[in-house]
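[1] Sequence first, predicted coordinates after that:
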Amino acid sequence: MKSMRLLTNCTVAAGVGGIIGWFARKNSELDNHEKHIDSFPLSKHLTKPGLPIFATVSAAVPITNNEDKDMGSKLSTNTSRISQIMKHGFPGLDNVRSFDDFVLSYDRRNRVAHWVFEHLTKERLSYNDKVDRSKCEFTADQSIHPFFRSENTDYKRSGYDRGHLAAAGNHKMEQTHMQQTFMLSNMAPQVGAGFNRDSWNRLEKYVRDLTKVYKDVYVCTGPLYLPKVEADGKKYVRYEVIGSNHVAVPTHFYKIVVGETADSKYEMQAFVMPNAVIGNDVPLQNFMVPPESVERAAGLLFFDKLSRSKLNKINGKSIKG
DNA sequence: TTTATTGT
């Protein structure tokens, strides 16, 4: 397997090889993968993504006054944008919150999102002098119960950046869109120099550049807590927690990207990067992994509603008809 | 260009 070889070239990718090995051994079970998903009753209820069929879906949309005449149109505008973002299915349904331009599922136990979902186009990423990142502020997400909420004090002097999952640079249509990405529910503790400010940023830019190739780009981003073999030969999941709220420091982060071609074919790429210093000269290709390996490690199913028969390529490799 | 923290 090509990606396996590539990963072993990257010394900091500890743990990823393990899940890929698992994937390789279980490969025969994948033949039943799609069949299994089709029979999974939840997917039948998700034919209209974005509709507030779950109480939490619209939790981040401020609805304070039932008599607000604007509410109807504002809600429907928001709902249609959420439908567009979530067109290919929800990876999971734990504590889903929708913002104006991205959707997030929150992990209360780790105080970090399970996943965030974004939809990118060239137009939406174009230069906009009305939107100013320096005016944005990191703010705690008041819609999350204080027991499970991360605070700025948790990150302060922790040694980690408040790293965006949905990147600020992906939301330049409106100042409010960008401001919403600064909600701490969209943050994870990330190694700053060498990761967030370097190779992870490089990956985010690469994903933005895919809008030059595909008219629509869908991207799902999240943390991983991967097991590692320790001295006794057993596997353990080990991660630091920071601050009084014990915000988990993920061992790795993933991005699953789908681009839609002009003739309605889809191409998928999956990346896993360790939350560690990575040299700027390491090619992004080295971090490509089979999407299934991320699904198994994260407990999520990505692009569940997108028929695998419409997938033309995975990680740049054509899929056999 | 975008990604950010610390200290004054």
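    That came through, no problem.

[2] Residue of the stretch 201-321 of chain A nearest DNA strand B, please.
    A:N201 (4.4 Å; C-beta to the nearest atom of the strand). For glycine as for every other residue, the C-beta is placed from the backbone atoms N, C-alpha and C.

[3] any idea which element that residue lies in?
    helix A:199-209 (DSSP states H and E).

[4] Report all helices and strands that that helix contacts.
    Secondary-structure packing of helix A:199-209 (3 or more C-beta pairs under 8 Å, 6 or more residues apart in numbering; DSSP states H and E): strand A:252-260, strand A:266-274.

[5] Could you export those strands as CSV, including mean neighbour count and mean pLDDT?
    Below are the helices and strands packed on helix A:199-209 laid out as CSV (neighbours: other C-beta atoms under 10 Å; pLDDT from 0 to 100):
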stretch, mean neighbour count, mean pLDDT
strand A:252-260, 23, 98
strand A:266-274, 23, 97
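
[6] any idea how far A:S83 lies from A:N245?
    33 Å (C-beta to C-beta, to the nearest Å).

[7] Show me which of those two is the more surrounded one.
    A:N245 (17 against 13; other C-beta atoms under 10 Å).

[8] residues contacting that one?
    Going by C-beta atoms under 8 Å, 6 or more residues apart in numbering, A:N245 touches A:R111, A:R149, A:S150, A:E151, A:D154.

[9] who in chain A is up against DNA strand B?
    A:133, A:138, A:155-159, A:161-164, A:167-170, A:172, A:192, A:196-197, A:201, A:204-205 (C-beta under 7 Å from any atom of the strand).

[10] Just the buried ones from those?
    A:155, A:158, A:161-164, A:167-170, A:172, A:196, A:201, A:204 (16 or more other C-beta atoms under 10 Å).

[11] For the closest residue to DNA strand B within the stretch 151-300 of chain A, give me its contacts.
    Taking C-beta to the nearest atom of the strand, DNA strand B has its nearest neighbour within the stretch 151-300 of chain A at A:G169, 3.0 Å off. Shown in contact with A:G169 (C-beta under 8 Å, 6+ apart): A:L125, A:R133, A:E204, A:K205, A:R208.

[12] among the contacts of A:N245, which are in helices?
    A:D154 (DSSP state H).

[13] need the contacts of A:N245 in CSV with neighbour count and pLDDT, can you?
    Shown next, in CSV, are these (neighbours: other C-beta under 10 Å; pLDDT from 0 to 100):
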residue, neighbour count, pLDDT
A:R111, 26, 98
A:R149, 19, 97
A:S150, 26, 98
A:E151, 18, 98
A:D154, 22, 98
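
[14] got the contacts of A:N245 as CSV, with distance to A:N186 columns?
    Shown next, in CSV, are the contacts of A:N245 (distance: C-beta to C-beta, whole Å):
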residue, distance to A:N186
A:R111, 12
A:R149, 13
A:S150, 10
A:E151, 14
A:D154, 14
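
[15] Just give me the closest of the contacts of A:N245 to A:K313.
    Of all these, A:K313 sits closest to A:R111, with 36.0 Å by C-beta to C-beta.

[16] surely the closest one meets A:V247?
    Yes. In this structure A:R111 lies within contact range of A:V247 using C-beta atoms under 8 Å: 4.4 Å.

[17] beta partners of the residue minimising distance to the centre of chain A?
    The residue lying closest to the centre of chain A (C-alpha atoms, centre = their mean) is A:T221, at 1.4 Å. For A:T221, the beta-bridge partners under DSSP bridges are A:V116, A:K255.

[18] shouldn't it be in contact with A:V257?
    No. With contact defined as C-beta under 8 Å, A:T221 does not count as touching A:V257 (9.3 Å).

[19] who's A:Y266 bridged to?
    Assigned bridge partners for A:Y266, using DSSP bridges, are A:E260, A:L311.

[20] what sits against it?
    A:V258, A:G259, A:E260, A:F303, A:L306, A:K310, A:L311, A:N312.

[21] and which of those is nearest to A:D281?
    So of the contacts of A:Y266, ranked by how close each gets to A:D281 (C-beta to C-beta), first place is A:G259, at 25.7 Å.

[22] Perfect, that will be all.
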